[in-house]
Structures are given as C-alpha cells and as structure tokens.
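Q: Take this sequence and fold it.
(one chain, ligands or ions: 1)
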Amino acid sequence: MNSKLIGRGLVVSCQALEHEPLHGSHHMVAMARAARQSGAIGIRANGTADIRAIKTEIGLPVIGLVKRETAGFEVYITPTVEAALEVHRAGADIVAIDGTSRPRPDGLPLADVLKRLKQAGVRVMADISTYEEGLRAADWGADYVSTTLCGYTRETQETELPNLDLVGRLADALTVPVVAEGGIYEPSQAVEALRRGAAFVVVGSAITRPQWITERYTSAIRTYGA
Ligand SMILES: CC(=O)N[C@H](C=O)[C@@H](O)[C@H](O)[C@H](O)COP(=O)(O)O
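A: Numbering: from 1, shown residues only. Down below sits the predicted model:
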C-alpha cells in the first residue's frame, strides 16, 4: 500500500480528551495549523469531530483514531472494527487501531480485524507495544506499525520511553513502514528514531499538551526547591 502518503518527517499528534484544557475541535485545529506552519507533514487526531475539522481546514494527511473505553477491556485505541470504520468515514487517511493481542470488545482477533479493514479499503496503522506484536501485525496486513503503546501495556509498563531500540529492531525486520511514537520529548530523539529506520516520527505531548509541558518546568523548579 501507499507508504509515501507521509514522507520522512514529523507528524504532530493533536489530541485533548474531555478532561484536558484544550479539548475541542477549535483548539485542535489551531494546534494542527501551528504544526503545519512549522513543517509538520501529517497530523494524528482523536475523534470523528476533530478528524473532520482538521482534514477540512488543514489539508495534511490525517492519522485518525477514536479513544473508547469499554468496561472489562484494556484496549481503547479504536478498539473495534466498527470504530475503525467510523474513523475512516470521518476522512482519516490512515486509521490507527490497537495492534496488541489483547482481547477486543467485538471479540475479533487482530488478524480478522485487519482482514476486514483491508477488505473495506482502509489503510491501517497498528499501535503495538512489543517487537512480537509488531511482527504479527505486519504479517496480518497492517500498512504501518507504530510503537505507540510501548510503555502502556502490562508487559511494557516499566519500559523507559522513547523506546528507540524497539523502533530500530522493527525497522530492521519489517518491510512495512515503522513509525516512532510515544515519549519522544526532544528533537534529538526524533532524529535518532529516523536514523534507526523509522519511516516518520509522531510527537504529541511535548508539542500539544501545554499542561504537561508546564508540569515539566514546575516540577523541576519544585525539586530545586525554589
Ligand atoms: C498511549 C496513548 O494512548 N497514546 C495516544 C495515542 O494516540 C496519545 O495520547 C499520544 O499523545 C500519542 O501517541 C503521542 O505520544 P506522545 O504524547 O508520548 O508524544
């Protein structure tokens, strides 16, 4: 499938959940505009409203997802086939889904999910947490494999981020594009991810979550004891 939709560069994740200060499409479109102005080549966005608004107003390729919690399940990034189709219909160029092997609310194994989405003409990014998950997702037809969930599953919760070793190992093993995402806080880490073979880099919190950026400063100052 089209691996050149997004070239070697920076994708900015513009996401704010309901409890976050910048929640709302107006703010997310502004964030995406700022990202485009400074050279971002794609946007990652959560929820059909934000995806539609960013797609219409910004014009960059959009990696879309929907975060949806379901009681009794750990997966929350586009957890079902139906959710993935919603994101696709909202205009996302690539649909990011949970690419781990954990149980999903619609009861389908990942291999079936990928098969159905491919049949529907959806370009899929599998958000994985381990090397083995990345290999499996690619084998089952994912168009992109992203390290998004490393650090966020039981198995990986102690992992220090960003996990650029995981990026490098997957990039060496796979022919589909491997995306470096999760915990990239410094420009030098983004460059290192590309050097290790990432097709592109996704950065979110370090650019678009001002409450988190502020906290980095206030906690450093607290530790200093000012
Ligand atoms: C684990 C999870 O739910 N990640 C989400 C996936 O869409 C987003 O909350 C992250 O901001 C995004 O992956 C970018 O990562 P970072 O914000 O670390 O640059």
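Q: so what's the closest residue to the ligand within the chain scoring on pLDDT?
A: Using Cβ to the nearest ligand atom, the single residue of the chain nearest to the ligand is residue 204, 2.9 Å away. Where C-beta positions appear, they are placed from N, C-alpha and C, glycine not excepted. pLDDT recorded at residue 204 is 98.
Q: Let me know the secondary structure of the closest residue to it other than its chain neighbours.
A: With sequence-adjacent residues excluded and distances taken as Cβ to Cβ, 6 or more residues apart in numbering, residue 204 is closest to residue 13, at 3.2 Å. Here residue 13 is recorded as strand under DSSP: H, G, I helix; E, B strand; the rest coil.
Q: Next, the contact list for residue 13, please.
A: By Cβ atoms under 8 Å, 6 or more residues apart in numbering, residue 13 lies in contact with 43, 44, 45, 181, 202, 203, 204, 205, 207, 208.
Q: same deal with residue 128?
A: Applying Cβ under 8 Å, 6+ apart, the residues near residue 128 are 99, 100, 134, 137, 145, 146, 147, 148, 149, 150.
Q: So the last one is in contact with residue 184, correct?
A: This means residue 150. No: look at residue 150 against residue 184 with Cβ atoms under 8 Å: they stay out of range, at 11.5 Å.
Q: what do the two both touch?
A: residue 161.
Q: thinking again about what came up before, is the residue nearest to residue 204 in a bridge, and if so with what?
A: residue 44 (DSSP bridges).
Q: can you tell me which residues contact the closest residue to residue 171 other than its chain neighbours?
A: Leaving aside its sequence neighbours, residue 171 sits nearest to residue 197 (Cβ to Cβ, 6+ apart; 2.8 Å). With contact set as Cβ under 8 Å, 6+ apart, residue 197 has these partners: 167, 168, 171, 172, 178.
Q: With residue 157 instead?
A: Residue 157 makes contacts with residue 151, as judged by Cβ under 8 Å, 6+ apart.
Q: so what's it scoring on pLDDT?
A: Reported pLDDT for residue 157: 98.
Q: again, but for residue 1
A: What the model reports as pLDDT for residue 1 is 45.
Q: Outside of the longest helix along the chain itself, list whatever touches it.
A: If you go by DSSP state H, the chain has its longest helix at helix 210-224. Residues from elsewhere that reach helix 210-224 (Cβ under 8 Å, 6+ apart): 20, 21, 22, 205, 206.
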